[in-house]
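Peer 1: Coordinates only, no sequence provided:
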Ligand code: M6R
């Protein structure tokens, strides 16, 4: 949700900032811009649309300067337009911002009464006006930023520069991520570490309320109380190669193909022989005894992972488990207390709804575990314990590999809790671990169906409506398949438990409504086949996600997305791959920008 970058060093900042912005474009792509200080002047370039438009503009109207900031926008206040693009400039102050100024109308009126003239509809301009106003009254840039922060309410990450103090950038964060990258004779700034890759592996994550000053000589940080903070950098293990497309047409396709390795890494991190070891210490026995309920909070794809995690936790740990939408949970009067274990699942660890739910759960005394891909994200900082997904950077806006990695972690949590509570028989535990260890092979096998899936996708590329059905462990799979198609191909797609179809959605079915049925060979296969026959009887064209050897199911389908033969426990892992590929190829056949679907951003850091 908006990407911020900054550079203070000896080189021309412009190409560096462009490279950093390219890595953050997944955070928003409604407009982009940058500002540099050159020969005593603050110079700004902005353009509407994707970063490529800014690059073209910089080709026509070049910029140069050793200190600069940049932005890629996902619009909140004010439509995507030139006047609303960042940096927002007031006099020689230029500012880029991620977040929402909650009291912006109030401030805008106050500033208007004082004679300020606004050139945009954004809340960001209000901050720039406040900084410029303070500087006009004699404040330094850092003092000006502090003065503005004192008057603002809400979460923010921002970076500011000013030609009067030409060699520095002031950055500040509260509730939203900002990372400083310490290089040799240069300091970089990014909304996340992917922005910094290739230039430095030493990163400092700003904490809430902190303000930083970046110059080519290094970075200084002050806490909310204004005291200097001594904090060394952390080494970032992600590499440039991990964040590059590696020959694939889109990041999404690359990330789908990475899944066997990612799952190998995620499972390898937590499995020791036929044992689960989520950390150096086994789950605290007192905690395992005390917990009588689990609540998983998440949004979007992470919530779909929670749906299958919920089933694993109930069946393996024998604990009642709820998979809750984080945005609903935070306002619900849920029955949670110190005996509830809260699991918050988030790829980014920055989703505002999930963070708010995490804080609410903590407030009610629950132990809180984060299942997260971005270590040092806000969620991991709020949690008692972090279980990393080990998926590496996920660049495509549509989540794929982190869906599988988070499901894997939730299954491991189920096993470890079950073991700690003494409710899993050793043989069940061994069999489950064996099945989980088979996931990378199963995913490789699922990927073998890619060409066949691309052909089926081409046949359905013009369909405007789809129904996705699944049962049991694969309800989440059906919902995820529908979400992928909505996000990527802008196609209406409904995901339902197959048993629910006859209670309403069946009215939608006709020959224009393909029905995608997730049909692994598990104990619900017969039930699912009945649903499939019901859909067929209404003229629905059936696309089965099933084993080619499952002749009884195959003969009921018009088309098949091949599913390898797997243990039912891991069928949600294998069955989602054909659906990811199906959505990818439908969107690609429609000529859409798969990695940057319209209206979306990778992490939704506003409520
Ligand atoms: O970073 P998170 O896992 O918290 O993100 C949650 C959702 O915003 C995210 O899964 C979203 O639904 C994706 N676009 C799915 O592809």
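Peer 2: Here it is on my side, so go on. The structure presented is a predicted model; accordingly, all values stated were derived computationally and were not measured. Numbering: from 1, shown residues only.

Peer 1: Which phi and psi values does the closest residue to residue 578 other than its chain neighbours adopt?
Peer 2: Once flanking residues are discounted, residue 578 sits nearest to residue 561: 3.7 Å by CB to CB, 6 or more residues apart in numbering. C-beta here means a position set from N, CA and C on the backbone, and glycine is covered the same way. Dihedral angles of residue 561 (phi, psi; degrees, to the nearest 10) stand at phi -100, psi 110.

Peer 1: same thing with residue 220?
Peer 2: Dihedral angles (degrees, to the nearest 10) for residue 220: phi -120, psi 140.

Peer 1: Which strands or helices does the helix or strand harbouring residue 386 pack on?
Peer 2: Using DSSP states H and E, residue 386 sits in strand 385-388. Secondary-structure packing of strand 385-388 (3 or more CB pairs under 8 Å, 6 or more residues apart in numbering; DSSP states H and E): strand 368-372, helix 401-420.

Peer 1: If we go by neighbour counts, what in it is buried?
Peer 2: Applying a neighbour-count criterion of 16 or more other CB atoms under 10 Å, the buried positions in strand 385-388 are 386-388.

Peer 1: what would the residues you listed look like in CSV with distance to the ligand and pLDDT?
Peer 2: Shown next, in CSV, are those (distance: CB to the nearest ligand atom, whole Å; pLDDT from 0 to 100):
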residue, distance to the ligand, pLDDT
386, 14, 92
387, 14, 94
388, 13, 92
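
Peer 1: what about the helices in the stretch 51-200 of the chain?
Peer 2: Along the stretch 51-200 of the chain, the stretches classed as helices by DSSP state H, counting those that start in this stretch are 51-60, 104-113, 124-136, 141-151.

Peer 1: Now do the same contact list for the nearest residue to residue 161 once chain neighbours are set aside.
Peer 2: Spatial nearest neighbour of residue 161, chain neighbours left out: residue 169 (5.2 Å); criterion: CB to CB, 6+ apart. Residues near residue 169 by CB atoms under 8 Å, 6 or more residues apart in numbering: 6, 8, 67, 69, 159-161, 189, 213-214.

Peer 1: per-residue confidence at residue 169?
Peer 2: On the pLDDT scale, residue 169 is placed at 97.

Peer 1: Next, find the distance separating it from the ligand.
Peer 2: Taking CB to the nearest ligand atom, to the nearest Å as the measure, residue 169 falls 27 Å from the ligand.

Peer 1: Look through the stretch 401-550 of the chain and state the residue closest to the ligand.
Peer 2: residue 487 (5.6 Å; CB to the nearest ligand atom).

Peer 1: er, the chain I mean
Peer 2: Counting by CB to the nearest ligand atom, the chain gets nearest the ligand through residue 300, at 2.0 Å.

Peer 1: ok, that residue touching residue 399?
Peer 2: Yes. With contact defined as CB atoms under 8 Å, residue 300 counts as touching residue 399 (7.3 Å).

Peer 1: quick one, which of these two is more surrounded?
Peer 2: residue 399 (28 against 22; other CB atoms under 10 Å).

Peer 1: What number of residues are in the vicinity of residue 52?
Peer 2: The burial count assigned to residue 52 is 13, neighbours taken as other CB under 10 Å.

Peer 1: who's in contact with the helix or strand of the chain with the lowest mean pLDDT?
Peer 2: Taking mean pLDDT, DSSP states H and E as the measure, the chain has helix 285-290 as its least confident helix or strand, at a mean of 82. Applying CB under 8 Å, 6+ apart, the contact partners of helix 285-290 are 338-339, 341, 367, 417, 420-421.

Peer 1: and what of stretch 543-552?
Peer 2: With CB under 8 Å, 6+ apart as the contact definition, stretch 543-552 has outside contacts at 456, 460, 477, 481, 514-521, 529, 532, 553-554, 556-565, 575, 578-579, 582.

Peer 1: Name only those of the residues you listed that count as buried.
Peer 2: Buried by 16+ other CB under 10 Å: 456, 460, 477, 481, 514-521, 529, 532, 553-554, 556-557, 559-564, 575, 578-579, 582, out of the contacts of stretch 543-552.

Peer 1: Just the ones in helices from these, please.
Peer 2: Among the buried ones among the contacts of stretch 543-552, the ones falling in helices (DSSP state H) are 456, 460, 477, 481, 529, 532, 553-554, 575, 578-579, 582.

Peer 1: hmm, which two among those are most spread apart?
Peer 2: Maximum pairwise distance among these (CB to CB): 21.6 Å, between 460 and 529.

Peer 1: out of everything not next to it in sequence, what's closest to residue 327?
Peer 2: Nearest in space to residue 327, with sequence neighbours left out and distances taken as CB to CB, 6+ apart, is residue 353 at 4.0 Å.

Peer 1: The host helix or strand of the one you found packs against which elements?
Peer 2: Assessed by DSSP H and E, residue 353 sits inside helix 352-363. If contacts are counted by 3+ CB pairs under 8 Å, 6+ apart, helix 352-363 sits against strand 293-298, helix 326-329, strand 340-346, strand 368-372, helix 378-382.

Peer 1: Tell me which of the ones you listed is the most buried.
Peer 2: Per residue and on average, the most neighbours among the helices and strands packed on helix 352-363 fall to strand 340-346, with a mean of 29 (mean count of other CB atoms under 10 Å).

Peer 1: And the ligand, is it touching that?
Peer 2: Yes. On the criterion CB under 6 Å from any ligand atom, strand 340-346 is in touch with the ligand at residue 346.

Peer 1: Pull the contacting residues for the residue nearest to residue 202 when sequence neighbours are not counted.
Peer 2: Of all residues not flanking residue 202 in the chain, residue 233 sits nearest, at 3.7 Å (CB to CB, 6+ apart). Counting by CB under 8 Å, 6+ apart, residue 233 touches 180, 182, 202-204.

Peer 1: Show me just the buried residues among those.
Peer 2: Among the contacts of residue 233, those classed as buried by 16+ other CB under 10 Å are 180, 182, 203-204.

Peer 1: Export those residues to a markdown table and append columns for distance to the ligand.
Peer 2: Below are the buried ones among the contacts of residue 233 laid out as a markdown table (distance: CB to the nearest ligand atom, whole Å):
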| residue | distance to the ligand |
| --- | --- |
| 180 | 22 |
| 182 | 26 |
| 203 | 19 |
| 204 | 22 |
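
Peer 1: Nearest to residue 239 among these?
Peer 2: Once CB to CB is applied, the member of these that ends up nearest residue 239 is residue 203, at 13.6 Å.
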